[in-house]
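Participant: Build me a model:
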Amino acid sequence: MPQGERQRRIRILAVFGVLLAALLVWRVLAVSLVLGPPLVQLGSQFRIRTMPVAAPRGAIYSRSGKLLVTSEPSFAAYYFRVGGPPSATEQKTLETDLGITPQAMNKALYIFSTEPSLPVVLKSGLSAAELTQLLQGLPELPGVFVNPQPVRNDLLGSVGGQMIGYVSRVTAQELATWKLPGLTAASVVGQTGLELAYQKQLFGKPGGEEVEVNAYGLPVKVLGTTPPVPGDSLTLTISKNLEEVSAKALLADMAMLRQRYGSQSAVLSGAVVAIDIHTGAILSMVSEPSYNPNAFAQGISTAAYQALAQNPGLPFLNRAVQTAAPPGSVFKMVTAMAGLTSGKITPTSTINCLPRYWRPPYPYNWLRRTSTGPNTLTQAIAQSCDTYFYAVGHRVGIDAIAAWAHKFGFGHPTGVDLPGEVSGVVPTVAYYEKQYGSLYPGLAYSVAIGQGADEVTLMQLAQYIGALATDGTMVKPYLVQQIKSPSGQVLFNAKPQIVSHISAPTAYWNVIRQGMIDVTKPGPIPGPGGTAGAAFVNFPIQVAAKTGTAQLPNGVNGSQGYMTFFISYAPANNPQIAVVSTMQTVSMVAGGMIARAIYDAYFHLNDPNPPFPQTIPQTTQPTTTQTAAAKAP
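Facilitator: Take a look at the predicted model:
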């Protein structure tokens, strides 16, 4: 090859080499300057792990400061995804030590898939045996960590389970939709009841540990720690003693009815609420059947959850606020007020109480198959005369009754601080025409005795009887009295809220209340006795009340079914608290014995004839106001 050609080729190769070197230098600079920080960050994600340290949820206390719900120390197992899911050998060890199946692992990995820097929570609330076994096997389980995690403990257990509610691991949907600071896939959140209603306050601020790990996912050292901040605490209006008494009384009455009627289906469900009628502070709230929120605190099994979900008694349902039913005769005071204010009846006018009403379609008087003669309004309330109220319903009409029902709060949520409250139904003529096309004969009669399309909640009935006891003052019911920060700073103090005041002449309130006082007077019927007289024989204080029973169109387990209600307040001449209860049953019963037990406990009466002597404890020493009320004649 000529010398000139060789030199030319050398120069070309030299130029090419310089260009190639320049390109390589440019690429290195590009990677360093442009892609370097993200790659460094990505590498640090694999080298540094953030171990979440859950914040204890805020404690919940009773009105007197007794601890109701707390968070207790526990341990949880976590898994860092080092190169994907665990190997077959690791998975087998996890299943043996912790009972974590491949399906459970896949579910956990899916939930945490949106947050790759976080460890996957494998199991909370490790037992001592599980913790020991796991710690021994950690060297063979790369990426598995054990860290403290508080576990919720409801000290009331199943008593008031729906009111307190339960907590569980946040779901993928909740994680995507809830706007809660500090919420991660590792968080435990409230799902129902007060745990959900006060989620933001109870949640707290999670902390964390930055842990450096080696190529095998094993920890090398802790780089830094951020301590968690506990959630705010709640002080409720609930009395722990009265809550327990209410639950025991309700269960005892239900058990007594099952025994009497020889069937486990005699009583399917029930609920009771006690409330301060002047402030709206709820003193007790119980719904049965119930469930224990602690079953969810460490993760409930599918089988256990299905057993609860498929229970025909619907234990998740808070029957005080989340279900509505026809009120039956406890609604008659609404009809009475509609009749009085319209001038269609007076406090002294009488209507014959006959076995059947004299207008088509001639409906029966449920409790009276013989005539009791002319009844005043007081007598008609005390002995629950249907034909009296059929006549009032005919005179005033459906819409007038509906207007008064709305004044008493029916058809609207009470605003109680619990999730899922329903409004119920107050039917009007327009409602019936829209639903059924026309009005059937005698519809106003059914509406007048609370057996139409009306549906009310137990909480509405508590608000309603409070208004009857106080000349029409409607107060908002509430459960949380105070909220405090972890340092003890008071963040919220509840004050009684008057929703409205129902205007009516004092004479009208008095005649209705006298009828309710007569409901609890012992004696024969017809005669001086009321429909709840047997429940209050020799009771130390006077109680005002109304019983109610409504037929259920679909029955109960193939038998005739009823919703029974009992609404009351005491003492009758100095009203302090109201007690309302309901049961779904195959028998026409009321809850007078339940109310008697609760009043006995609240006023510390030492009832000479306790309805459930083996099951109902007395409360602690009452306040001066309670003692004075108890001594009132």
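Participant: Now tell me what touches the helix or strand G339 falls within from outside.
Facilitator: G339 belongs to helix 332-342 when assigned by DSSP states H and E. Outside helix 332-342, the residues that touch it by CB atoms under 8 Å, 6 or more residues apart in numbering are 345-347, 377, 380-381, 384, 389, 392-393, 395-396, 400-401, 403-405, 408, 410, 448-450, 468, 504-505, 508, 511-512, 515-516, 546. Heads up, the C-betas are built off the backbone N, CA and C, glycines and all.
Participant: residue boundaries of the helices in the stretch 151-300 of the chain?
Facilitator: With DSSP state H, counting those that start in this stretch, the ranges of helices along the stretch 151-300 of the chain come out as 161-164, 172-177, 193-197, 199-203, 240-261, 294-297.
Participant: Of those helices, flag the one that's most buried.
Facilitator: Neighbour counts (mean count of other CB atoms under 10 Å) averaged over each of the helices of the stretch 151-300 of the chain peak at helix 161-164, with a mean of 28.
Participant: Run through the neighbouring helices and strands of that helix.
Facilitator: Judged by 3 or more CB pairs under 8 Å, 6 or more residues apart in numbering; DSSP states H and E, the packing partners of helix 161-164 are helix 193-197, strand 282-288.
Participant: and T279, what does it touch?
Facilitator: By CB under 8 Å, 6+ apart, the neighbours of T279 are V475, P496.
Participant: Can you list phi and psi of it for me?
Facilitator: Note on T279: backbone dihedrals following degrees, to the nearest 10 are phi -110, psi -20.
Participant: what is the rounded mean pLDDT of stretch 272-283?
Facilitator: For stretch 272-283, mean pLDDT rounds to 98.
Participant: Who does the closest residue to Y61 other than its chain neighbours form a beta bridge with?
Facilitator: Among residues not flanking Y61 along the chain, T235 sits closest, at 4.7 Å (CB to CB, 6 or more residues apart in numbering). The partner list for T235 in beta bridges (DSSP bridges) reads Y61, Q482.
Participant: Tell me what the closest residue to I300 other than its chain neighbours is bridged to.
Facilitator: Distance criterion CB to CB, 6+ apart; nearest residue to I300, sequence neighbours excluded, is S168 at 7.6 Å. Beta-bridge pairing of S168 under DSSP bridges involves V189.
Participant: contacting residues for S168?
Facilitator: Contacts of S168 (CB under 8 Å, 6+ apart): V188, V189, Q191, F296, A297, G299, I300.
Participant: And it, how far from Y390?
Facilitator: Here the criterion is CB to CB, to the nearest Å. By it, S168 lies 51 Å from Y390.
Participant: what does G437 give?
Facilitator: 24 Å.
Participant: Between these two, which has more neighbouring residues?
Facilitator: It is Y390, of G437 and Y390, that has more neighbours when counted by other CB atoms under 10 Å, with 27 against 8.
Participant: so what's the more buried one up against?
Facilitator: Y357, R359, P363, G442, Y445, A448, I449.
Participant: So for it, what's the pLDDT?
Facilitator: pLDDT recorded at Y390 is 92.
Participant: again, but for G442
Facilitator: Reading off the model, G442 has pLDDT 85.
Participant: all helices for the stretch 451-600 of the chain, in order.
Facilitator: Along the stretch 451-600 of the chain, counting by DSSP H, counting those that start in this stretch, helices occupy 458-469, 506-519, 592-603.
Participant: then the last one to CSV, C-alphas only?
Facilitator: Only the C-alpha atoms of helix 592-603 are listed here, as CSV (Å, rounded to 0.1, in the frame of the first residue of the first chain):
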residue,chain,number,x,y,z
GLY,A,592,-90.9,-1.8,80.0
MET,A,593,-88.7,-4.1,82.1
ILE,A,594,-85.6,-2.9,80.2
ALA,A,595,-86.4,0.7,81.0
ARG,A,596,-87.1,-0.2,84.7
ALA,A,597,-83.6,-1.7,85.0
ILE,A,598,-81.9,1.3,83.4
TYR,A,599,-83.8,3.8,85.6
ASP,A,600,-83.0,1.8,88.7
ALA,A,601,-79.3,1.8,87.8
TYR,A,602,-79.2,5.5,86.8
PHE,A,603,-81.1,6.9,89.9
